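>>> here is a sequence together with a model predicted from it:
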Amino acid sequence: MADGMKLQFVVDDGDFTRAGETSSKVKKTLTQLGFSPEVIRKVAIAMYEGEINMVIHANGGTIDVEISSEKILIIMQDRGPGIADIERAMQAGFSTADSKVRELGFGAGMGLPNMKKYSDEMEITTEIGKGTCVKLTINVKG
Amino acid sequence: MTVSEIAKKLNLAYYAGENLSGKNAKGCYIGDLLSLAMSRVMADNVWITIQTNINVVAVASLAEASCVIVADGCVPDDTTIEKAKEQGIILLGGEISAFDAAVALSEMGI
Ligand SMILES: Nc1ncnc2c1ncn2[C@@H]1O[C@H](COP(=O)(O)OP(=O)(O)OP(=O)(O)O)[C@@H](O)[C@H]1O
Ligand SMILES: [Mg+2]
């Protein structure tokens, strides 16, 4: 398998038409590499939610993906406002999404809970006014 | 059952993916909140929604839905239709309500 494969993507600010594209690309790559449907589903969901959050809440940023036969590491770094209360943000149903993005179907407050649920490790570091970094690990079980 | 059988029975029009209508469908999820749909739509499910924007295609594609039914006469945006064609997502629509669609699908034994 592709041990130590590294991918990097730029996520543009506010570009809903392209949101989901990096998740799709990674999904395709993992499928080609022969990962199991369960692992692919976890990565696709967790990464899509992170990508959308970067677009909606955080002025875009970069996503780094590291793929090995043991685990898939996803690092999402944005230039957004930061998260004041991470514990609160993690609660199912909590959302600060405005009416414009709610109309599009966002704002259930389920993105971060989904990322938690579909990853094996999740680490958020954030600084108010600077940005947020979400690190997700998905283990590949043989 | 196939998407083609569903489209006929529920009197749905194809916005995209008619060429793929031989695809199988099993199970169904109804909902309009994308991050709920993202985790609840399972592979090969029919997803019924009234969302019409491009993110519907992203969710359907990542969750591997069999097809999307846009209910209540809602019409997908042009960009949504384009993206669905590009990604090979079957996008159906009609006047039928989500409830009536679900009842019909259940009668068909989905
Ligand atoms: N990258 C981020 N930068 C700044 N704030 C964020 C970021 N990600 C999440 N948040 C904050 O945490 C809240 C909860 O995020 P979560 O993804 O769970 O829900 P949502 O994006 O509001 O709705 P959903 O994901 O269900 O469409 C957001 O409303 C926002 O206030
Ligand atoms: Mg979110």
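Great, that's in hand. Residues are numbered from 1 along each chain as shown, chains lettered A, B, ... in the order given. Ligands and ions are numbered 1, 2, ... in the order given.
>>> secondary structure class of the most centrally placed residue in chain B, three-state.
The residue lying closest to the centre of chain B (Cα atoms, centre = their mean) is B:Val68, at 1.1 Å. Three-state assignment for B:Val68 (DSSP: H, G, I helix; E, B strand; the rest coil): strand.
>>> residue contacts, it?
Applying Cβ atoms under 8 Å, 6 or more residues apart in numbering or on different chains to B:Val68 gives the contacts B:Val46, B:Trp47, B:Ile48, B:Thr49, B:Val56, B:Val57, B:Ala60, B:Ala84, B:Ile89, B:Ile90, B:Leu91, B:Leu92. The way it works is simple: take the backbone N, C-alpha and C, and place the C-beta from them, glycine included.
>>> among those residues, which ones lie close to chain A?
When Cβ under 8 Å from any Cβ of the partner chain is applied, the members of the contacts of B:Val68 adjacent to chain A are B:Thr49, B:Val56, B:Val57.
>>> please state the offset of stretch B:68-83 from the chain centre?
In terms of Cα atoms, centre = their mean, to the nearest Å, the centre of stretch B:68-83 is found 9 Å from the chain centre.
>>> any idea of the mean pLDDT in it?
Throughout stretch B:68-83, pLDDT has a mean value of 98.
>>> what about the strands in the chain?
I'll assume chain A. Read by DSSP state E, chain A holds these strands, from start to end of the chain: A:5-11, A:61-67, A:71-78, A:121-127, A:131-139.
>>> wait, chain B was what I had in mind.
So, for chain B - with DSSP E - the strands run B:13-16, B:28-30, B:46-49, B:67-70, B:91-93.
>>> now those strands as TSV including distance to A:Val11?
Formatted as TSV, those follow (distance: least, Cβ to Cβ, whole Å):
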stretch	distance to A:Val11
strand B:13-16	25
strand B:28-30	27
strand B:46-49	24
strand B:67-70	24
strand B:91-93	25
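>>> and these, which is most packed in?
Scoring the strands of chain B by mean neighbour count under mean count of other Cβ atoms under 10 Å in any protein chain shown gives strand B:67-70 as the most buried, with a mean of 27.
>>> would you mind listing where the chain has pLDDT under the threshold?
You didn't pick a chain, so chain A it is. Scanning chain A for pLDDT under 70 picks out the ranges A:1-2, A:142.
>>> residues of it that sit close to ligand 1?
With Cβ under 6 Å from any ligand atom as the criterion, chain A comes near ligand 1 at residues A:49, A:53-54, A:56-58, A:78, A:80-81, A:83, A:89, A:94-97, A:106-113, A:132.
>>> what's near enough to touch A:Lys28?
Going by Cβ under 8 Å, 6+ apart, A:Lys28 touches no other residue.
>>> any idea how far ligand 2 is from it?
Separation of A:Lys28 from ligand 2 (Cβ to the ion, to the nearest Å) stands at 23 Å.
>>> list, one by one, the residues from chain B near ligand 1.
B:Leu34, B:Ser35.
>>> tell me the one of the ones next to chain A among the contacts of B:Val68 nearest B:Lys23?
Among the ones next to chain A among the contacts of B:Val68, B:Val57 lies closest to B:Lys23 (Cβ to Cβ), at 15.6 Å.
>>> quick check: chain neighbours aside, which residue is closest to A:Glu66?
Spatially, and ignoring its direct neighbours in sequence, A:Glu66 is nearest to A:Leu73 (4.2 Å; Cβ to Cβ, 6 or more residues apart in numbering or on different chains).
>>> got the contact list for whichever residue of chain A sits closest to chain B?
At 2.9 Å from chain B, A:Gly20 is the closest residue in chain A, using Cβ to the nearest Cβ. Applying Cβ under 8 Å, 6+ apart to A:Gly20 gives the contacts A:Tyr48, A:Glu51, A:Ile52, B:Asn55, B:Val57, B:Ala58, B:Val59, B:Ser61, B:Leu62.
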